[in-house]
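In: Return atomic coordinates for the entry below.
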Amino acid sequence: MNAIIMAGGFGSRLGMGEKPCVELLGKPLISYVIDTLQRTESIGDIYVAVSPATSKTASFVQKEYDGNIKVIPTGGGNYVGDMVYAVKAAGIKDPLLILMADLPLLTHELLEKVISEYKICGKPAMSIFTPISLCKSLGIRPDTVFNWDGKLIVPSGINILDGNDVDNEQDYISLVLDDIELALNVNTADDLQRCKDMLLERKSGSLRN
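Out: Next up, the predicted model:
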């Protein structure tokens with residue numbers, strides 16, 4: 001399964017320049033996502049969709065990954081339009097993973113779990129959510145909340161869709177996962193600090209083990 005990272009947003013709420021290039025423990029946010037995708041066995045080609053607002057991101061990816069990650073310039077008009085354009089530009093006709101560039105806690109194990117769930121869901125598309133209770137426990141105030149069978153859920157910024165039918169709205173299943181790695185994306189300075197603390201805790205735990 002191929003993957004497209006959406007990296008066209010400037011990140012005005014964060015206020016630190018191009019959000020994909022904001023450093024976390026000395027590493028740009030987008031590198032966390034790219035490196036995790038590269039460690040995910042089920043992932044094939046990786047693309048990064050940029051916009052006029054993220055020219056620095058485009059240059060960084062091209063230089064850092066030596067052309068192994070394909071950069072797709074979009075118009076930056078809106079998320080859905082840029083996503084559709086990127087899928088068509090990449091020529092992807094099969095199911096593909098779409099995800100945001102601000103999910104530094106993602107692990108390859110979690111992505112494999114998502115892909116496995118998609119393969120048995122029986123729908124052309126899947127959207128990944130987390131319970132709002134998890135966000136609240138982390139002190140996160142989500143911008144978007146959905147009511148799903150009476151439960152409030154928050155989009156994680158990860159979706160799988162059929163590239164062959166990208167122009168049309170696709171029948172999808174909601175996969176709700178109670179994983180902090182999906183709930184914590186970086187929109188504010190507080191989010192960045194939370195991710196830093198969790199990455200340091202994760203590193204400390206691995207050293208102890």
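
In: what residues are up against residue 182?
Out: 103, 106, 110, 128, 130, 156, 158 (CB atoms under 8 Å, 6 or more residues apart in numbering). Where you see a C-beta, it was placed from the backbone N, CA and C, and this is true even at glycine.

In: Swap in 7 Å and give it another go.
Out: 128, 130, 156, 158 (CB atoms under 7 Å, 6 or more residues apart in numbering).

In: Show me which residues of the longest helix seen in the chain are buried.
Out: For the chain, the longest helix by residue count, based on DSSP state H, is helix 189-208. For helix 189-208, the neighbour count (16 or more other CB atoms under 10 Å) marks 191, 192, 194, 195, 198, 199 as buried.

In: what do you get for stretch 2-21?
Out: Of the residues in stretch 2-21, 2-11, 14, 18-21 count as buried by neighbour count, 16+ other CB under 10 Å.

In: which ones among those residues are found in helices?
Out: Among those, no member lies in helices (by DSSP H).

In: Could you work out the most separated pair of those residues?
Out: 2 and 14 (27.9 Å; CB to CB).

In: Low-confidence regions, the protein specifically.
Out: Low-confidence segments of the chain, defined by pLDDT under 70: 205-209.

In: what about the strands in it?
Out: 2-6, 23-24, 27-28, 46-50, 70-73, 95-100, 125-131, 146-148, 151-162, 172-176 (DSSP state E).

In: neighbours of the residue nearest to residue 134 when sequence neighbours are not counted, just the number please.
Out: Excluding its sequence neighbours, the residue lying closest to residue 134 (CB to CB, 6 or more residues apart in numbering) is residue 183, at 4.9 Å. Residue 183 is flanked by 25 other residues according to other CB atoms under 10 Å.

In: Contacts only, for residue 183.
Out: 130, 134, 135, 138, 140.

In: My guess is the second one contacts residue 176. True?
Out: No: under the contact definition of CB atoms under 7 Å, residue 134 does not touch residue 176, with a separation of 9.7 Å.

In: Please tabulate the contacts of residue 182 in JSON lines and include neighbour count and distance to residue 82 as additional columns.
Out: Formatted as JSON lines, the contacts of residue 182 follow (neighbours: other CB atoms under 10 Å; distance: CB to CB, whole Å):
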{"residue": "128", "neighbour count": "24", "distance to residue 82": "19"}
{"residue": "130", "neighbour count": "23", "distance to residue 82": "24"}
{"residue": "156", "neighbour count": "24", "distance to residue 82": "19"}
{"residue": "158", "neighbour count": "23", "distance to residue 82": "16"}
